[in-house]
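>>> sharing a model that was predicted from the sequence below.
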Amino acid sequence: MAKEKDLKTNVMRTLEQKGVAYIPHTYPTDGAIDGVSVAAMLGQDVECVFKTLVTRGASGGYYVFDIPVAENLDLKKAAKAVGEKSIVMLPQKELLPLTGYVHGGCSPVGMKKQFPTVFHETVEIIDTIMVSAGKIGCQVQCNPADLLELLQATTADVTVE
């Protein structure tokens, strides 16, 4: 029983507190690993496993984008989606102090502060989504609509064609 408690992350605790059902998944973390490999290890379609990217707008505001792991963020489309002239990726060294998460374990759920969040529009047509559980080696699977509602997130086409 104590072991199960040790596996709980902030993301899992937040989802439970907000009444969002989820299924936890873990994967081995030997060496550097990318999102496509995580999807394969978990037997999931790469279209259903999303990565969380944090950006800074020209106005100085921060924005979170969640896109399928095999895709790349289109910074121009992303800026337009949040009403900014331009946005840039947040430098990796700034991620932990700003969000509370490390690179590779960043989740849209449970950041130190909730920032405007945009999911790639395909989230509206899939039955299940996986995002980081806030720790490298852990993912949570849940209903996309529940996640969008919890985060008060919007959707847009924000990936490179």
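Alright, I've got the coordinates.
>>> in the protein, what residue spans correspond to strands?
22-26, 50-57, 62-68, 87-89, 117-120, 129-132, 138-142, 154-156 (DSSP state E).
>>> got CSV for the ones you listed, with distance to residue 14, mean pLDDT and mean neighbour count too?
Heads up, the C-betas are built off the backbone N, CA and C, glycines and all. Below are the strands of the chain laid out as CSV (distance: least, Cβ to Cβ, whole Å; pLDDT from 0 to 100; neighbours: other Cβ atoms under 10 Å):
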stretch, distance to residue 14, mean pLDDT, mean neighbour count
strand 22-26, 10, 95, 15
strand 50-57, 14, 97, 22
strand 62-68, 15, 98, 24
strand 87-89, 25, 97, 16
strand 117-120, 14, 98, 24
strand 129-132, 12, 97, 24
strand 138-142, 10, 96, 22
strand 154-156, 20, 98, 15
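>>> of all these, which lies closest to residue 42?
strand 22-26 (5.2 Å; Cβ to Cβ).
>>> tell me what angle that closest one forms with strand 138-142.
Compare the direction of strand 22-26 with that of strand 138-142 by axes from the mean of the first three to the mean of the last three Cα atoms, to 10 degrees and you get 150 degrees.
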